[in-house]
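Peer 1: Sharing a model that was predicted from the sequence below.
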Amino acid sequence: MIEEIYKHAAECAPLECCGLIVEDNNNKRYIPMENISEKENYFEMNELAFASFQAIFKILYVVHSHYEQKSCPSDLDKTNCNNLGIPYFIVSYPDKEYTILQPNE
């Protein structure tokens with residue numbers, strides 16, 4: 001699954017990619033989402049699409065990339081992760097590192 005996420009990050013670069021890792025019938029899978037933000041170093045998902053997936057699946061992680069940066073969470077990542085209450089899976093591209101941020105860390 002990680003290679004699928006890195007591929008999505010490559011397709012979206014230099015903008016951040018975003019997506020969801022969900023549990024579907026005891027299987028984990030990555031769902032690429034559209035980053036509706038046009039700002040560099042920022043991502044935003046369509047709230048309706050997010051809510052639809054949240055109603056159908058258990059969301060295990062919110063995924064996004066950091067382009068040409070480390071995968072360390074920003075202050076905004078920490079705030080949004082805490083507000084959402086869902087872990088963040090942050091990948092760096094093209095370095096191919098990742099960090100998992102738990103809510104309230």
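Peer 2: Right, received. Where do you want to start?
Peer 1: When you work out contacts or count neighbours from here on, use the C-alpha atoms and nothing else.
Peer 2: Will do.
Peer 1: Quickly note the distance from the spatially most distant residue from the centre of the chain to Ser65.
Peer 2: In the chain, the residue that sits farthest from the middle, by CA atoms, centre = their mean, is Asn25; the gap is 21.0 Å. Between Asn25 and Ser65 the distance is 26 Å, computed by CA to CA, to the nearest Å.
Peer 1: Look up which helix or strand Ala49 falls in, please.
Peer 2: Using DSSP states H and E, Ala49 sits in helix 47-56.
Peer 1: likewise Glu4?
Peer 2: Using DSSP H and E, Glu4 maps to helix 2-12.
Peer 1: Check which helices and strands that helix sits against.
Peer 2: For helix 2-12, the packing partners by 3 or more CA pairs under 8 Å, 6 or more residues apart in numbering; DSSP states H and E come out as strand 27-33, strand 88-93.
Peer 1: next helix or strand past it?
Peer 2: Next along from helix 2-12, by DSSP H and E: strand 18-24.
Peer 1: who does that following strand touch, helix- and strand-wise?
Peer 2: Strand 18-24 is packed against strand 27-33, strand 58-67, with contacts defined by 3+ CA pairs under 8 Å, 6+ apart.
Peer 1: State the distance from the residue nearest to the spatial centre of the chain to Ser92.
Peer 2: Nearest to the geometric centre of the chain sits Val63, at 1.4 Å (CA atoms, centre = their mean). Per CA to CA, Val63 is found 11 Å from Ser92.
Peer 1: any weak-confidence spans in this protein?
Peer 2: Flagging of the chain using pLDDT under 70 yields the residue ranges 105.
Peer 1: returning to that earlier point: got a list of what the residue nearest to the centre of the chain touches?
Peer 2: 17-21, 88-91 (CA atoms under 8 Å, 6 or more residues apart in numbering).
Peer 1: Quick one: which of these is the most crowded by neighbours?
Peer 2: Neighbour counts for the contacts of Val63 peak at Cys17, which has 32 neighbours (criterion: other CA atoms under 10 Å).
Peer 1: My guess is that residue contacts His64. True?
Peer 2: Yes. The pair Cys17 and His64 passes the contact test of CA atoms under 8 Å, sitting 5.3 Å apart.
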